[in-house]
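Q: what shape does this take:
(chains A and B)
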Amino acid sequence: MAQYREERLTVGGIETAVFTAGEGDPLLFLHGAGTLTGFDCLLPLAERFRLILPHHPGFGASADDPSIDSIHDYVLHYLDLLDELGLDEVSIAGLSMGGYLGAWLGSYQPARVRRLVLGAPFGLRVREHPTVDLFSVPDQEVLSYLTADMSIFDGKVPLPPTPEFLAERYRESTSWARVAWSRPYDVKLPKWLHRLTMPTLVLWGDADRLIPVEQAAVWAEHIPTAEVRILPGVGHLLFDESREALAAVGDFVAGSAAVR
Amino acid sequence: MSVPGEITFYLFHHHHYLDIPLDEDRYVSTMVDYPNSLYDPVKGHAFYQRHLRTLRLADELGFDGIAINEHHNMVYSMTPTVSVMAGALVAATERVKIQVAGVPVNLMYPNRVAEEYAMLDVMSGGRMEFAFPLGTGMEYWANAGAINPATARARFRESLEVVLQAWTQDGPTRYDGDFYTYRFLNPMVRPYQRPRPKCFIVGTGSLETVQLAIDHEMGYSIVFVPIANQLRAFDQMRELAAERGRAVDPDDLMIVVMAYVGDTDEEAVREARPHIEKFFSWFHRVPPKYLVPPGYVTTQEFLRRVSDVAMAESKKATWDDMVAIGRIACGSADTVADTIASWCEEAGCARVNVVCELGDMPEWKTVKNVTKFAQEVIPRIRAKSATAGQRPVAAGVS
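A: Predicted coordinates for the structure are as follows:
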């Protein structure tokens, strides 16, 4: 299995950790609002693509920047990063917060995004099927909202949690709060999703306790090119839980398989 | 250092919602998400009447002032809009200073706070003082969506600037900030006291809040944190002032004390202890999560807190812990006077906010305590400061 190579780039003044694995067409992976399970589960994608996995400012191995305080700051940060990497065109796969970010990035610069995968993204307000407010979920229950398979945390969450582990979660939670404390959606987003003219896959697990799978259809309503794939029994952390989810990304980005 | 002259005493009153359910152990929190279906407005009405009686008593018996504060979504406080209570007190009292300690100014439009406070000052003929808190972590959950805890501190600094500009600069003025913009900052009602009423920053002793008090030439009101932290903050305050060629007036340094006065030390502890324990175990019952919403403190500060074993395990404080870390003066008038005088001497402060209604105390104890404090403790401490230079004996808590 391929391994990540870590690079540290200064992007717009922010020290950004970028992990890369594999060769081929570039696939930018935008992670969710936490790095606690790590990203080894994505490495099979490196067999098919040049997998580029940056850590967001304020998350994981990248530095903090309190002035990054909206989803649009993250979008512009990634446009900077693509410039820095000399990538005119990439495919993007985003999970959760990363999907929210990918949807905006693609709306800003559709010509730059070859294919787009939105994995259980934040970003829409669906009153009938609202996203759970993870900020107010009691600490001891948070993990159960993230996955349908608690074994994914084995060896990754110290028991009892160490102060350092808790502080890193607090840091990432703070970074996400800068963007989403008021609301993890943007009522303006549906107005602009029609700009996603590239082939787009909306991928969701039907056991997602955080962002209900019913939201997938709402995304599809707003994105002209969207295909939807629902994975039975899978929770929010799609790629930690399901090799099938990861294969769906690979096949879709390669443009080689029907997704239904 | 001797007892600082002219120590002033403010009755600090919390306006607890005093009704405690019989199945109190069911509730893990009495803040933020405590079910408000348990609030009975008829009882609430009676409690407001009682709180007003207590505060009027302080006025009649000779406290220098009364102090009231604001919290949201909690049984701890029935004053979520503290200016409303202050308005009632302006009318209900004759003489005392009224310290509003206070609206977390960043949770409101600051021009509005400037207006409310100026109104109170004019209505009271200049009896107001204001203390500005950042607001506990709990206030941000209660106001979730409106104010991001991750930007709370920057917003607090800015909103404070707006209030001071509104009070001290002739309007109309403009304000162009990161969070607030004013085209015509020009509130018609301006404070009675010129250039402005006496103000304090409320803090837990962080360098950041101490610095803010120095920058704005305000006093510093320190809340319940271990005494060593309080002393360190006051030392920092004096050092920072000295760097600017100023001296800190002892009247600018305020401590909060829980006091109960009995005929003997034994009687005082017997009568007060269960209520002080209830103060911590019920009125302060809150999961750690609500204390520190994301961004409310830095990651480093969060790490420091979760590394503190007692804090991390939400250890139930024992009576000895409470007495050891807090300023709890419980005893005869002599004991309480000696204890508070020695604290003032040690801290170099001349401001004491005294909490006399402790936890779920019945009204007779509150009345007894307020009366004995006013008639027996204050004169004793005044006598000590009149003969300044004579070191009082620290008696501690029995």
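Q: tell me what B:Phe130 is bridged to.
A: For B:Phe130, the beta-bridge assignment (DSSP bridges) gives partners B:Val100, B:Cys199.
Q: what's near enough to touch it?
A: B:99-102, B:117, B:197-200 (C-beta atoms under 8 Å, 6 or more residues apart in numbering or on different chains). Placement of C-beta: from N, CA and C, glycine included.
Q: so where's the chain shaky on pLDDT?
A: I went with chain A, as the question did not name one. A:256-260 (pLDDT under 70).
Q: wait, chain B
A: B:1-5, B:309-317, B:387-398.
Q: what segments of it are strands?
A: Secondary structure of chain B by DSSP state E: the strands cover B:8-13, B:65-68, B:97-101, B:128-132, B:173-176, B:181-185, B:198-203, B:219-222, B:253-262, B:328-332, B:351-355.
Q: what does the second one rub up against?
A: Around strand B:65-68, the neighbours that count as contacts under C-beta under 8 Å, 6+ apart are B:8-13, B:15, B:55, B:58-59, B:79, B:82, B:85-86, B:89, B:93, B:96-101, B:129, B:131, B:353.
Q: would you list the buried entries among those?
A: Neighbour-count burial (16 or more other C-beta atoms under 10 Å in any protein chain shown) is assigned, among those, to B:9-13, B:15, B:55, B:58-59, B:79, B:82, B:85-86, B:89, B:93, B:96-101, B:129, B:131, B:353.
Q: so what's residue 185 up against?
A: The chain I'm using is chain A. By C-beta under 8 Å, 6+ apart, the contact list for A:Tyr185 reads A:122-125, A:131.
Q: chain B, not that one
A: By C-beta under 8 Å, 6+ apart, B:Leu185 lies in contact with B:111, B:162, B:165-166, B:171-175.
Q: that one and A:Gly34: what is the separation?
A: According to C-beta to C-beta, to the nearest Å, B:Leu185 and A:Gly34 sit 42 Å apart.
Q: what number of residues lie near A:Gln140?
A: Counted with other C-beta atoms under 10 Å in any protein chain shown, residues neighbouring A:Gln140 total 9.
Q: just say helix, strand or coil for it.
A: When classified by DSSP: H, G, I helix; E, B strand; the rest coil, A:Gln140 comes out as helix.
Q: over to A:Arg229?
A: Under the three-state scheme (three-state DSSP), A:Arg229 adopts strand.
Q: hang on, it packs against A:Gly205?
A: No - using C-beta atoms under 8 Å, A:Arg229 is not in contact with A:Gly205, being 10.1 Å away.
Q: these two: which has the busier surroundings?
A: Ranked by neighbour count (other C-beta under 10 Å), A:Arg229 and A:Gly205 place A:Gly205 first, with 27 against 19.
Q: measure that one to chain B for me?
A: According to C-beta to the nearest C-beta, to the nearest Å, A:Gly205 stands 26 Å off from chain B.
Q: what's the burial count for the residue lying closest to B:Arg56 once chain neighbours are set aside?
A: Leaving aside its chain neighbours, B:Arg56 sits nearest to B:Ala92 (5.5 Å; criterion: C-beta to C-beta, 6 or more residues apart in numbering or on different chains). Using other C-beta under 10 Å, B:Ala92 has 13 other residues around it.
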